[in-house]
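1. sharing a model that was predicted from the sequence below.
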Amino acid sequence: MTARNGPTGVLRLLFRAPVWIYRAGLGGLLGHRFLLLTHIGRVSGQPRQTVLEVADRDPGTGEVTIASGFGGGAQWLRNITAQPRVRFQIGRTRVEAVAELLPPEESGRRLAAYADRYPRTAAALVRGLGHTPDGAADYRAIGADRDNGIPLVVLRPL
């Protein structure tokens, strides 16, 4: 498995299992920490789906922040960069939105805030890309690195 290409084989099947949970109408079982993102394939033009962890939510605006755990080369990230109009579902709630890749500094700031709220999860996430963070400054640097780090995206409801 590489950060650029994502998981393959059995590991890919395991990562796809939450999509099946949503498709079965059981997305509520995953709580509010995960969402189903529906986006358009940049080459095929066909709808694609992936389940991602919610890094942050703004109850006032409905905006949701998500992280690319497989780095800048994740297929969903490349797809939303080409076609930012998306739909996401948290539990049973479906929302039409526009996806916006956060500027590097803001991405870094939000990743550091996420690490402060969920230190174990954040550490596991960045270790998966080969990073060994030591404090908020490292998380800010990893979040700001679009190629080898963990870029963050905000989903803005329409």
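-> Yep, it's here.

2. so where do the strands sit in the chain?
-> All strands of the chain, identified by DSSP state E, fall at 34-40, 47-57, 64-67, 85-90, 93-101, 152-157.

3. by how many degrees do the second one and strand 85-90 diverge?
-> Think strand 47-57. Per axes from the mean of the first three to the mean of the last three CA atoms, to 10 degrees, the angle that strand 47-57 makes with strand 85-90 is 60 degrees.

4. got the buried residues for strand 47-57?
-> Arg48, Gln49, Thr50, Val51, Leu52, Val54, Ala55, Asp56, Arg57 (16 or more other CB atoms under 10 Å). Where you see a C-beta, it was placed from the backbone N, CA and C, and this is true even at glycine.

5. listing partners with orientation, what would you give for it?
-> Using DSSP bridges, the strands paired with strand 47-57 are strand 34-40 (antiparallel), strand 64-67 (antiparallel).

6. for stretch 57-64, what is the average pLDDT?
-> The average pLDDT for stretch 57-64 rounds to 96.

7. so which residues make contact with that stretch?
-> 32, 35, 54, 56, 65, 88, 90, 95, 97, 154-157 (CB atoms under 8 Å, 6 or more residues apart in numbering).

8. buried subset of these?
-> So, by 16+ other CB under 10 Å, the buried ones in the contacts of stretch 57-64 are Leu35, Val54, Asp56, Thr65, Phe88, Ile90, Val95, Ala97, Val154, Leu155, Arg156.

9. thought the fourth one was touching Ala55?
-> I take that to be Thr65. Yes. At 4.6 Å, Thr65 and Ala55 qualify as touching, with contact defined as CB atoms under 8 Å.
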